[in-house]
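[1] I would like to see how this sequence folds:
(one chain, ligands or ions: 1)
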Amino acid sequence: MKPSYLIAPSILSANFAALGDDVKKVLEAGADVVHVDVMDNHYVPNLTFGPIVCKALRDFGVTAPLDVHLMVEPVDELISAFTDAGADYISFHPEASKHVDRSIQLIIDSGCKPGLVLNPATPLSTLDYTLENLHHVLLMSVNPGFGGQAFIPSTLEKLRQTKQMITERGLNTRIEIDGGVKVDNIRQIAEAGADMFVAGSAIFNQPDYSKVIAEMRQQLALINQI
Ligand SMILES: O=C(CO)[C@@H](O)[C@H](O)COP(=O)(O)O
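    The predicted model follows:
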């Protein structure tokens, strides 16, 4: 069965001086989920924002799922803060947590859906004893920290292996891909197994968000027509 594809613009590339309006605009343009990149200048060499921004988006009337990608170390202390601020999905990097299973359980207990993030060089064995508890696996197709980087091609094989692992275990865990996703590669990425697509610069750097998102969906619609 064809998966339901979700497009998740990363607000890292949005207009921070008018964030609420820009997020509403991208949702009206057809986005499904808002991807929120939280960077701490410690786990990654960049600094963005904390839960206060999720809360501000909720207070501004944004009702779409907020997909929080924690690029922070440590992890656990921030989980309830993001849940309280309105997060729906919370993903973290296993290297940033001393006790990965505990962090996953904390996210579940807080009422959010947990995801584990694998950097380009993080092996899939990280999923061996965690996959059953995850709502999604977030595969980084760039090294985390910055928007606008090029998609790392070896991620395609990693996507295939992740999809195979999920299928073999009879799960329906989502596979989210993050980094360098564009109109001209989204189809290949989906064919390799991804069903949730983070795209920052590809969407927010264009004047017409509707046009880019529609083009992405057109590419995805071609998949079952071969
Ligand atoms: O988490 C990250 C970067 O660490 C990503 O979410 C990027 O923000 C995606 O940006 P583009 O590659 O789509 O411009």
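[2] contacts and neighbour counts: CA atoms only from here.
    Fine.
[3] wait, doesn't residue 55 sit right on residue 86?
    Yes - contact criterion CA atoms under 8 Å: residue 55 and residue 86 qualify, at 6.1 Å.
[4] of these two, who's got more company?
    residue 86 (25 against 19; other CA atoms under 10 Å).
[5] would you list every one of the strands in this structure?
    For the chain, the strands defined by DSSP state E cover 6-9, 34-39, 66-71, 89-92, 113-118, 136-140, 174-178, 196-199.
[6] Among these, which comes closest to the ligand?
    strand 196-199 (3.7 Å; CA to the nearest ligand atom).
[7] Counting by contacts, list what the closest one packs against.
    Identification of packing neighbours for strand 196-199 by 3 or more CA pairs under 8 Å, 6 or more residues apart in numbering; DSSP states H and E yields strand 6-9, strand 174-178.
[8] For it, report the contacting residues that lie outside it.
    With CA atoms under 8 Å, 6 or more residues apart in numbering as the test, strand 196-199 has contacts from 5-10, 35, 174-182, 186.
[9] Kindly recompute the last result at 6 Å.
    5, 6, 7, 8, 9, 10, 176, 177, 178, 181 (CA atoms under 6 Å, 6 or more residues apart in numbering).
[10] who does the second one bridge with?
    With DSSP bridges applied, the residues forming beta bridges to residue 6 are residue 196.
[11] Reformat the helices and strands packed on strand 196-199 as JSON lines; add distance to residue 21 and mean pLDDT.
    Compiled in JSON lines, those are given as follows (distance: least, CA to CA, whole Å; pLDDT from 0 to 100):
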{"stretch": "strand 6-9", "distance to residue 21": "14", "mean pLDDT": "98"}
{"stretch": "strand 174-178", "distance to residue 21": "23", "mean pLDDT": "98"}
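[12] for the ligand, what are the nearby residues on the protein?
    The chain comes close to the ligand at residues 10, 12, 37, 144-149, 178-181, 199-202, as judged by CA under 6 Å from any ligand atom.
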